[in-house]
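Need a 3D model of the following:
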Amino acid sequence: MSALRQKIEQEIRERGPLPFSRYMELCLYDPELGYYSRNAAQFGKAGDFYTSSDVHAVFGRLLARQFEEMWRALGSPGHITLKELGPGRGLFAQDVLDWSEKKFPDFFRALRYVLDERSPALRQRIEVTLSRHLESGRAALAADNRVSPPEIVFANEFFDALPVEVLSSQGSLRIALRDGRLVEAWTLASAQELEFLDRYSVHPEPGERIEVSLQGQKHMSVAANLERGFVVIIDYGYTREEQLAGRHRGTLKAIRQHSVGADPYEAPGEQDITADVNFTALAAVAEKQGMQTQKLITQSQFLMGIGEANEFSDAFEECRRPQERAKVALQLKHLVTPAGMGESFHVLVASKGVEPKRVSTLAGLGFGTRAIGKRT
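Numbering: from 1, shown residues only. The predicted model follows:
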């Protein structure tokens, strides 16, 4: 029996059945034994899943281009703080910083990149990956008390990994212990959980499960609490309308070695646990904080919008031979096509204190609305 399993069982004995969110919290974020706290390589080919930054540096390069445009929409201030939630190993941040330094020197001089990562193991990886930018002060870990309030908040595959409550027609899920086994039990749903279903989701039908991300609401409330700026969220998820149409019900899944399973109780701490993101709920929180949200778009539309003006030269710049271009073209295809990540991931953009016309003309929001310009 694993040490984390023993820890979970001990907590159940002491406190009684655990809310599913607490079980998921321990599995993913226990400081020593959680999935994101261990030193195992969770990302990339050797790990359990890919992120967009594992595919090619073009993802960060395109977003650097979009962040620079947002900076200009804010009036090109002399200082701007970009905060990334859940930056993992810092690969995306590295791509954004390196490309901004090379292509957008004015933006780079104004930029301070803040990485908000709670895993001690991943923070150590960040310190290696971004050593040059950390030493120069261009980047900082969020624990740094000198960090300024952000003007841009970015989150890629962050909200899907936040602990959720699970509800069914029987109530709210609890994890109990019986005869040495973890078993499911149900209790009355809380008023807060039921309000979430009423406002942003649907009530589960018999035999059905629905996730409620109360932690996601709290994180979005903090992210959207800007004086002026942008929030950009990229993740897989859905709207309430899609749930009403019968889709995205019971999206909780366990991921291990690139395989998706349905058993979150197998090998606690050794597999990822995720749930699709309720974008209707996140947009509502942003609007409550005074932000204007844009229509939800796909990652494909977003990246195509940013890259079409210069025919994705950000991806192909270092290619010298045809076979190199062919390889990069395949990687780019994985990011933007429906067969890859392009249609399964969605992008929510929210703004505050920015002229609506400046927001609506951002490259990432304008795919198909402009004539293709010259390479830059």
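
can you confirm residue 102 is in a strand?
No - per DSSP: H, G, I helix; E, B strand; the rest coil, residue 102 lies outside any strand segment and is helix.

Could you report the neighbour count for it?
By other C-beta atoms under 10 Å, 12 other residues sit near residue 102. (C-beta placed from N, C-alpha, C; glycine too.)

By mean pLDDT, flag the weakest helix or strand of this protein.
helix 52-55 (a mean of 69; mean pLDDT, DSSP states H and E).

got the CA coordinates for the helix or strand following that helix in PDB?
As assigned by DSSP states H and E, the chain's next helix or strand after helix 52-55 is helix 58-73. This file holds the C-alpha atoms of helix 58-73, laid out as PDB (Å, rounded to 0.1, in the frame of the first residue of the first chain):
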ATOM      1  CA  VAL A  58       5.400  28.000 -31.400                       C
ATOM      2  CA  PHE A  59       2.600  27.900 -28.800                       C
ATOM      3  CA  GLY A  60       4.500  30.200 -26.500                       C
ATOM      4  CA  ARG A  61       5.700  32.300 -29.400                       C
ATOM      5  CA  LEU A  62       2.200  32.900 -30.600                       C
ATOM      6  CA  LEU A  63       1.000  33.800 -27.200                       C
ATOM      7  CA  ALA A  64       4.000  36.200 -26.800                       C
ATOM      8  CA  ARG A  65       2.700  37.900 -29.900                       C
ATOM      9  CA  GLN A  66      -0.800  38.100 -28.400                       C
ATOM     10  CA  PHE A  67       0.500  39.400 -25.000                       C
ATOM     11  CA  GLU A  68       2.500  42.100 -26.800                       C
ATOM     12  CA  GLU A  69      -0.600  43.200 -28.600                       C
ATOM     13  CA  MET A  70      -2.500  43.300 -25.300                       C
ATOM     14  CA  TRP A  71       0.300  45.400 -23.800                       C
ATOM     15  CA  ARG A  72      -0.200  47.900 -26.700                       C
ATOM     16  CA  ALA A  73      -4.000  47.800 -26.200                       C
END
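
Helix 58-73 and the helix or strand following helix 58-73, what's the angle between them?
Where DSSP H and E defines the elements, the next helix or strand beyond helix 58-73 is strand 80-85. Here strand 80-85 runs at an angle of 140 degrees relative to helix 58-73 (axes from the mean of the first three to the mean of the last three C-alpha atoms, to 10 degrees).

switch to numbering from 42
OK, 42 is where the count begins now, so the last one is strand 121-126.
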